[in-house]
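# Make a model of this:
(one chain, ligands or ions: 1)
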Amino acid sequence: MAKLASKDVLRADQFSVDEIDLIMETARGHAAALERGEVLDRMRGKVLSTFFYEPSTRTRLSFEAAMHRLGGRVISVAEAKSSSASKGESLHDTIKTVEGYADVIVLRHPQIGAAEEAARATDVPVINAGDGAGQHPTQSLLDLYTILEEQGQIDGLTVALVGDLRNGRTVHSLADLLANYDVRFQFVAPDELRMPREIVESLEAKGISVAETEDLADVIPMADVLYMTRIQRERFENPADYDRLKDTYVVTREALGSAKKTAIVMHPLPRVNEISTDVDGLPAAAYFRQAANGVPVRMALLALVTT
Ligand code: NCD
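Residues are numbered from 1 along each chain as shown. The predicted structure is shown next:
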């Protein structure tokens, strides 16, 4: 029996298939309860502390909504930059202090590995809500949940990950998570923004089929899931490089004319120009349903790591 009690959630490759199944099943239960309008109290008396040292809308609000929906409470500094980090306190000391205030900690931080560092400082479960260009495991779990809801299964699917595969933490985590299944990957990125070699090599070592291309039009007809991402402006040292690359891939309604009838378009959001708004009205446009799935999936994670 898979158990997540007291565990940290730091990377997408930490999960066994049993654990993933447990999270999906728990999330489905919570989604059904919300649908029925039930008031849940599984987290009554518990406190979540959030730290967002980078901007966030969906991740932060869906974690907060998830905790409230479970009857728990949320504490957070209004803006992490107004916290004691600006006075020079180490992440270790901040987290060690919060251990005395909260039952679970959610952290978003610009540095790769920050969540691991935080987890080493405390016995309270730490959930990584994005560490720089590293990982974003909770996004990938809601992405997986979305694919299951929309496509019914993962095995046999061709998944195209498109955009800034070098700097995008969502695609790093999603590739790692989907490696538990029989998927075929198409990685679509400009040469400078290709998927990190260590991720490609680890997928290939697991026997997963990976093809890489710069050409989105070639890939649209074969994809079951077209996962678009934003070029990560904040990770560029040279603004001119960002300007040159920012509009490399734009999916339009017309371009989707060559897609499979059952294909879905996903995006972790925020989008800049990657998906034209004329796609929003198509049944294939799954990205706002995907964002909504953040609540039941994060409810499941909060409940499972604290009980
Ligand atoms: C993503 C992130 O922060 O990594 N957003 C999110 O959590 N939904 C994607 C992005 O910012 O491009």
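# where does the stretch 201-307 of the chain dip in pLDDT?
For the stretch 201-307 of the chain, not a single residue meets the criterion pLDDT under 70.
# which other residues reach the helix or strand that contains Leu107?
Per DSSP states H and E: Leu107 is located in strand 104-109. Residues outside strand 104-109 that contact it (C-beta atoms under 8 Å, 6 or more residues apart in numbering) are 46-54, 56, 59-60, 63, 91, 95, 98, 114-115, 118, 122, 124-132, 302, 305-306. Bear in mind the C-beta positions are built from the backbone N, C-alpha and C, glycine included.
# Adjacent strands (with direction) for it?
strand 47-52 (parallel), strand 126-131 (parallel) (DSSP bridges).
# Return the distance of that strand from the chain's centre.
Mean C-alpha position of strand 104-109 versus that of the full chain (C-alpha atoms, centre = their mean, to the nearest Å) differs by 14 Å.
# Can you confirm whether it lies near the ligand?
No: counting by C-beta under 6 Å from any ligand atom, the ligand has no neighbours in strand 104-109; the shortest distance is 7.4 Å.
# next SSE after that strand?
Next along from strand 104-109, by DSSP H and E: helix 114-121.
# now the angle between helix 114-121 and the strand holding Leu107, please.
140 degrees (axes from the mean of the first three to the mean of the last three C-alpha atoms, to 10 degrees).
# Give the rounded mean pLDDT of strand 104-109.
The average pLDDT for strand 104-109 rounds to 97.
# Ok, stretch 176-189 next?
98.
# That stretch spans what distance, first to last residue?
Start-to-end span of stretch 176-189 (C-alpha to C-alpha, to the nearest Å) is 18 Å.
# possible to save the strands paired with strand 104-109 as a markdown table with mean pLDDT and mean neighbour count?
Listed next are the strands paired with strand 104-109 as a markdown table, based on pLDDT from 0 to 100; neighbours: other C-beta atoms under 10 Å:
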| stretch | mean pLDDT | mean neighbour count |
| --- | --- | --- |
| strand 47-52 | 96 | 22 |
| strand 126-131 | 98 | 27 |
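# can I assume Ser76 is in contact with Ser56?
No: counting by C-beta atoms under 8 Å, Ser76 does not reach Ser56; the two are 10.9 Å apart.
# what residues are shared contacts of those two?
Going by C-beta under 8 Å, 6+ apart, no residue sits against Ser76 while also sitting against Ser56.
# Return only those of the contacts of strand 104-109 found close to the ligand.
Answer for those near the ligand (C-beta under 6 Å from any ligand atom): 59, 130.
# what's around the spatially closest residue to Pro137 that is not a sequence neighbour, how many residues?
Nearest residue to Pro137, sequence neighbours excluded (C-beta to C-beta, 6 or more residues apart in numbering): Ala12, at 4.4 Å. By other C-beta atoms under 10 Å, 28 other residues sit near Ala12.
# any idea how far Ala12 lies from the ligand?
Per C-beta to the nearest ligand atom, to the nearest Å, Ala12 is found 13 Å from the ligand.
# That residue: what's it in contact with?
With C-beta under 8 Å, 6+ apart, Ala12 has these contacts: 135, 137, 140-141, 172-174, 176-177.
# Gly71: what secondary structure?
Following DSSP: H, G, I helix; E, B strand; the rest coil, we place Gly71 in the coil state.
# how far away is it from Leu269?
Remark: distance between Gly71 and Leu269 (C-beta to C-beta, to the nearest Å) = 28 Å.
# More neighbours: which of the two?
Leu269 (19 against 14).
# Thought Ala291 was touching the more buried one, still the case?
Yes: contact status for Leu269 versus Ala291: in contact at 5.7 Å, counting by C-beta under 8 Å.
# Common neighbours of these two, please.
Common neighbours of Leu269 and Ala291, counting by C-beta under 8 Å, 6+ apart, are Arg58.
# Do a quick rundown of the helices in this protein.
17-35, 58-69, 91-98, 114-121, 137-151, 169-178, 197-205, 216-219, 239-245, 287-292, 294-306 (DSSP state H).
# and the residue lying farthest from the centre of the chain, how far is that from Val106?
For the chain, the largest distance from the centre (C-alpha atoms, centre = their mean) belongs to Lys87, which lies 30.2 Å off. Lys87 sits 22 Å away from Val106, going by C-beta to C-beta.
# cool, Ala217 as well?
Distance from Ala217 to Val106, by C-beta to C-beta: 39 Å.
# Can you give me the neighbour number for Gly294?
Number of residues near Gly294 (other C-beta under 10 Å) recorded here: 26.
# Confirm for me that it is in contact with Ser56.
No: assessed by C-beta under 8 Å, Gly294 is found out of contact with Ser56, at 11.2 Å.
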